[in-house]
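Asks: here is a sequence with its predicted model. Questions after.
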Amino acid sequence: MRSLRTRLTSALTGLAAAACLGLAGPAAPAHATTGADPVGPPQDDFMSAFGYSVLHPTAVPTGADDWNCRPGTAHPRPVVLVHGTFENRYANWAGLAPKLKRAGYCVFALDYGGATGPFVGTGDIAASARELAAFVDRVRAATGAAKVDLVGHSQGGMMPRHYIKFLGGSAAVDKLVAVAPTNHGTSLWGMGLLARAFPGGDELVGATCAACSQQITGSDFVQRLNAGSETHPDVTYTVITTWYDEVVRPYTSGYLSVAPNVTNQKVQDFCPLEFTEHLGISYNDVADRLVFNALDPAHAQRPSC
């Protein structure tokens, strides 16, 4: 079977070329969530979702960014979805957002870390954390909720820890659910492999991806983030990994230090024959079940294999 990288490149090169030629229409600021952005259809896999986002770079996942949503007693905290590097809110969450909405959650998703889509999440991580802080404040003001829960993929699972640790996010966040996060960085090879999954990704790394160098193992950013305690006692952390993660290697580097408020999990601990990798995990049914369990542990269910 061809690798995801090969399949993505083959399927998306034409779409990316069309976008570069202006066939996709003008791009709005990546972090705009005006309510006028197009709502994209649910998707079953990352490749299809990313392909759609190339032609619709400001698309919102179905179920997300309903600014009239008010949390109910069953799910009193809104869920904010945080995408990863070279990704965007639609590409990452076109599968999970509608599932959360159907389950009764108020769901919100931002684009951050770049001026235009679909390749965002590349800017300075500290600046992206400030974008997240502003977005969370907007969600809390709109919904009346005191706190939110965050679900993030890759950089989106790590960057919120900067918000929590350095920007006062512990007062606004109850749970952080991190899917394949770069908590302790990744190798240059791993970040390069992620870039090459996308047409033009190599050029982005060299020219405009501050977040890439900041996520390299041993970087000043990673060392400062993990200095002292890796977690805040007022926040509950769940990390969900996959053995087949080709970007975060070893996959265990995504785990946080053992603490009463930390749960580290691997998809294969529940379903050994699941082969999902770094990009696919945000569309994996087992990982999704673990996300739901982390958000609502009182109604947790064992994943079906």
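Replies: Cool, got the structure. Every value quoted in this text rests on a predicted model; they were computed, and no experiment measured them. Numbers count the residues shown, from 1 in each chain.
Asks: just give me the neighbour total for residue 218.
Replies: Using other Cβ atoms under 10 Å, residue 218 is surrounded by 10 other residues. (C-beta placed from N, C-alpha, C; glycine too.)
Asks: just checking, it touches residue 185?
Replies: Yes - Residue 218 lies in contact with residue 185 (Cβ atoms under 8 Å); the separation is 6.5 Å.
Asks: the lowest-mean-pLDDT helix or strand in the chain: what's the following helix or strand?
Replies: Counting by mean pLDDT, DSSP states H and E, the weakest-scoring helix or strand in the chain turns out to be helix 4-20, with a mean of 37. Note on helix 4-20: by DSSP states H and E, the next helix or strand toward the C-terminus is strand 39-40.
Asks: so, low pLDDT: which residues of the stretch 1-150 of the chain?
Replies: Scanning the stretch 1-150 of the chain for pLDDT under 70 picks out 1-35, 116-117.
Asks: strands of that one, start to end?
Replies: Assigned by DSSP state E, counting those that start in this stretch, the strands in the stretch 1-150 of the chain fall at 39-40, 60-61, 79-82, 107-110, 148-153.
Asks: same question, the stretch 201-305 of the chain
Replies: 236-241, 262-266.
Asks: for residue 70, grab the count of nearby residues.
Replies: Other residues close to residue 70 by other Cβ under 10 Å number 11.
Asks: before we move on, what about residue 77?
Replies: Number of residues near residue 77 (other Cβ under 10 Å) recorded here: 21.
Asks: got it, and residue 230?
Replies: Neighbours of residue 230 (other Cβ under 10 Å): 18.
Asks: skipping adjacent residues, who's closest to residue 168 in space?
Replies: Distance criterion Cβ to Cβ, 6 or more residues apart in numbering; nearest residue to residue 168, sequence neighbours excluded, is residue 133 at 7.7 Å.
Asks: so who does that neighbour touch?
Replies: Applying Cβ atoms under 8 Å, 6 or more residues apart in numbering, one finds that residue 133 lies in contact with 163, 167-169, 172.
Asks: same thing but at 7 Å, please
Replies: 163, 167, 169 (Cβ atoms under 7 Å, 6 or more residues apart in numbering).
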